[in-house]
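[1] model the structure of this input:
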Amino acid sequence: MTSDLDGLLVISLEQAVAAPYCSRLLREAGARVIKLERPEGDFARKYDDILDGDSAYFVWLNSGKESVTVDLKSDMDIALLQNLIKKADIFIQNLRPGAVERLGFGYQSIQRINPNIIMCSISGYGSKGSYSKMKAYDALIQAETGLCSVTGPPGEPSKVGASIVDIATGLTAYGEILKKLIKRGIKSGSGSHIELSLFEVLSEWLSVPLSYYEYADKLLQGTGMDHGQICPYGAYDTKDGKIFIVVQNHMEWVRLCEQVLGKPALVSDPLYDSNMKRTENRNALKLEIEAVFKLSDRNQLMDSLQKAGVACGSINTLKDLSKHDALKRKNVLSSGNNFSLIRRVGDENKNLQVPELGAHSNSVRREFS
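    Below is the predicted model:
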């Protein structure tokens, strides 16, 4: 069985999360990925050691790749990278802005080596401007873009508990690379350069809160489990705990009022007859809803809400996620151990091996010498 990207060669001069996540997605779609690491290794290898001595981050991001250690101050390794680029379809790098240019591997240089190559450069704040030289990590970008200001309880800016900036940027890079591959296939094989920054990807995700400020003079802040612009949408008390509900449109609002709350008059109540009115009167509406919800337990309400076609769910812990019926896993091999990890569904069915540092250095050097 062939995979979608069988036969494609990806060279990734990468570290940390964003670029490795992108290249892992390409690998799971069938591409061959050669990961170039500094002699001491990608520093994500040492983020933690909870998987029997291996890093959870590194194992999650790097299965199926080939690891080659390179010292790009060495003429021999510069020549190796040139040879790899000659044969590559895709070159990914997330070094500091200007670093690959100083090494002789900016886009203009590699295009002369391989006119058909697709290059993807990932940075913190872009390659130009006063911020381009700033170091950038996930939490810093969450803070700089204002994401923290609209996350968490009111008045208590909070970061998101996952590497959302890196993941978003890796996914965006993956999508942009696939677009360029399609274009290259349709339009006679011309290469291209994709430039992405963590800041631009996440700031685009903040478009709606920013619009509220710039066009409505409303400075949004965190709302805890509630949604800042949609109501009812969030956690509500029942007889035996909280339940999460989401009402996205008028018909769902009607069904909630009539079939679950037994309060059809709320549908046309002037305090609640539009989403904006419900959002403005969120606290009063919460009292109306919980007055009914607290008479029933969660399971009863889940059943009633689902029958009425109103979205609902549980507020789970990671312990709950571990046992979730909808969870999909794949086995990943690392340091001789078999780990069952959450993976997106890709083309690759076999268990992929996480490479030891430099495990493929000799074989790749022989192949591309």
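[2] need the strands for the protein, in chain order.
    For the chain, the strands defined by DSSP state E cover 9-13, 32-37, 66-69, 90-93, 118-123, 192-197, 233-238, 241-246, 311-313, 329-334, 337-342, 352-354.
[3] low pLDDT regions in the stretch 101-250 of the chain?
    186-189 (pLDDT under 70).
[4] where do the helices sit along it?
    107-113, 138-145, 164-186, 198-205, 207-216, 250-255 (DSSP state H, counting those that start in this stretch).
[5] residues of the shortest one that come out buried?
    I take that to be helix 250-255. Residues 252-255 are the ones in helix 250-255 that count as buried (16 or more other CB atoms under 10 Å). For glycine as for every other residue, the C-beta is placed from the backbone atoms N, C-alpha and C.
[6] what does the average pLDDT come to for stretch 353-369?
    Taken as a whole, stretch 353-369 carries a mean pLDDT of 90.
[7] please save the CA atoms from it in PDB.
    Only the C-alpha atoms of stretch 353-369 are listed here, as PDB (Å, rounded to 0.1, in the frame of the first residue of the first chain):
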ATOM      1  CA  GLN A 353      10.700   4.300  15.300                       C
ATOM      2  CA  VAL A 354      11.900   7.400  17.100                       C
ATOM      3  CA  PRO A 355      15.500   7.800  16.100                       C
ATOM      4  CA  GLU A 356      18.500   7.800  18.500                       C
ATOM      5  CA  LEU A 357      20.700  10.900  18.100                       C
ATOM      6  CA  GLY A 358      22.700  10.400  14.900                       C
ATOM      7  CA  ALA A 359      21.400   6.900  14.200                       C
ATOM      8  CA  HIS A 360      21.400   7.500  10.500                       C
ATOM      9  CA  SER A 361      24.400   9.700  10.100                       C
ATOM     10  CA  ASN A 362      26.600   7.000   8.500                       C
ATOM     11  CA  SER A 363      24.000   5.600   6.200                       C
ATOM     12  CA  VAL A 364      22.900   9.000   5.000                       C
ATOM     13  CA  ARG A 365      26.500  10.200   4.500                       C
ATOM     14  CA  ARG A 366      27.200   7.200   2.300                       C
ATOM     15  CA  GLU A 367      24.000   7.700   0.300                       C
ATOM     16  CA  PHE A 368      24.500  11.400  -0.300                       C
ATOM     17  CA  SER A 369      28.300  11.600  -0.500                       C
END
